[in-house]
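Engineer: dropping a prediction and its sequence here:
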Amino acid sequence: MTHNFWQGSKARLRALEPRDWEVFHAFDADTEVARLCDQVHFPRSSEGTQAWAKEEATAKPGSDAFRWVIENEAGVIVGTINTFGCDRRTGAFKYGLAIAREHWRRGYAREAICIVLRYYFRELRYQKVNVHIYDFNEASIKLHEKLGFQHEGRLRRMLYADGAFHDEIHMGLTAEEFEARWNDFSSKA
């Protein structure tokens, strides 16, 4: 039996395909999820989403930045995770994650994060991951705490959303902290 590095017990990560545009177009319509991840953007046309998906699907990974589609065990797209700010000199990177509302709290986010961390720490030799989470995204803060991320700081009033200013919470996890907690991740995932 062949083992797929990108396959866990609940989730599988794969590259984005141009045909995925409709799912992402539907994701874009949920402005609450958009605000939790980043901000509410202007609406994008179907044609614009198709062009974005084609561009993402055909882009060559640059400086270790990449976007995966997260599928569940039935092959349904449940979300996306992407790395950015990848700096091989310092060995640090960041990621962003979005799970469609109807798939929240089923373990897909945890598993997708662990697969990406395993790859960046064990295969690409990165030594630190950083995440920035808005203070009103309590579910994401709790998830990252459970994953072993440490609170490293708070930047005040970094986002204006829904009529108020919000802080940005900075959390981080080192490769050593990941290994101490998730050294048998392949059997947990």
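Structural biologist: Thanks, I have the structure now.
Engineer: for the residue nearest the centre of the chain, give its distance to Leu124.
Structural biologist: Nearest to the mean C-alpha position of the chain, by CA atoms, centre = their mean, lies Leu97 at 2.5 Å. Taking CB to CB, to the nearest Å as the measure, Leu97 falls 18 Å from Leu124. Yep, even glycine has a C-beta here, placed from its N, CA and C like the rest.
Engineer: cool, and Ala51?
Structural biologist: From Ala51 across to Leu124, the span is 30 Å (CB to CB).
Engineer: for the residue lying closest to Leu173 once chain neighbours are set aside, give me its contacts.
Structural biologist: The spatial neighbour of Leu173 that comes closest, neighbours along the chain excluded (CB to CB, 6 or more residues apart in numbering), is Phe149 at 4.7 Å. With contacts defined as CB atoms under 8 Å, 6 or more residues apart in numbering, the neighbours of Phe149 are Val131, Met171, Gly172, Leu173.
Engineer: helices of this structure, start to end?
Structural biologist: Secondary structure of the chain by DSSP state H: the helices cover 21-28, 31-37, 46-58, 108-122, 138-146, 175-182, 185-188.
Engineer: so for stretch 87-104, what gets flagged as buried?
Structural biologist: Gly91, Ala92, Phe93, Lys94, Tyr95, Leu97, Ala98, Ile99, Ala100, His103 (16 or more other CB atoms under 10 Å).
Engineer: okay, how far is it across it, tip to tip?
Structural biologist: 31 Å (CA to CA, to the nearest Å).
Engineer: residues in contact with it?
Structural biologist: Against stretch 87-104 from outside (CB under 8 Å, 6+ apart): 26-27, 30, 32-33, 36-38, 63-64, 70, 72, 77-86, 108-109, 112-113, 116, 120, 124-132, 139-140.
Engineer: same question for it, mean pLDDT?
Structural biologist: The pLDDT scores in stretch 87-104 average 97.
Engineer: chain center to that stretch, what's the gap?
Structural biologist: 3 Å (CA atoms, centre = their mean, to the nearest Å).
Engineer: please renumber the chain so that the first residue is 42 from this point on.
Structural biologist: Yep, numbering from 42; the last one is stretch 128-145 now.
Engineer: would JSON lines of the buried residues of stretch 128-145 with distance to Arg197 be doable?
Structural biologist: Formatted as JSON lines, these follow (distance: CB to CB, whole Å):
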{"residue": "Gly132", "distance to Arg197": "28"}
{"residue": "Ala133", "distance to Arg197": "23"}
{"residue": "Phe134", "distance to Arg197": "25"}
{"residue": "Lys135", "distance to Arg197": "20"}
{"residue": "Tyr136", "distance to Arg197": "23"}
{"residue": "Leu138", "distance to Arg197": "24"}
{"residue": "Ala139", "distance to Arg197": "25"}
{"residue": "Ile140", "distance to Arg197": "27"}
{"residue": "Ala141", "distance to Arg197": "31"}
{"residue": "His144", "distance to Arg197": "32"}
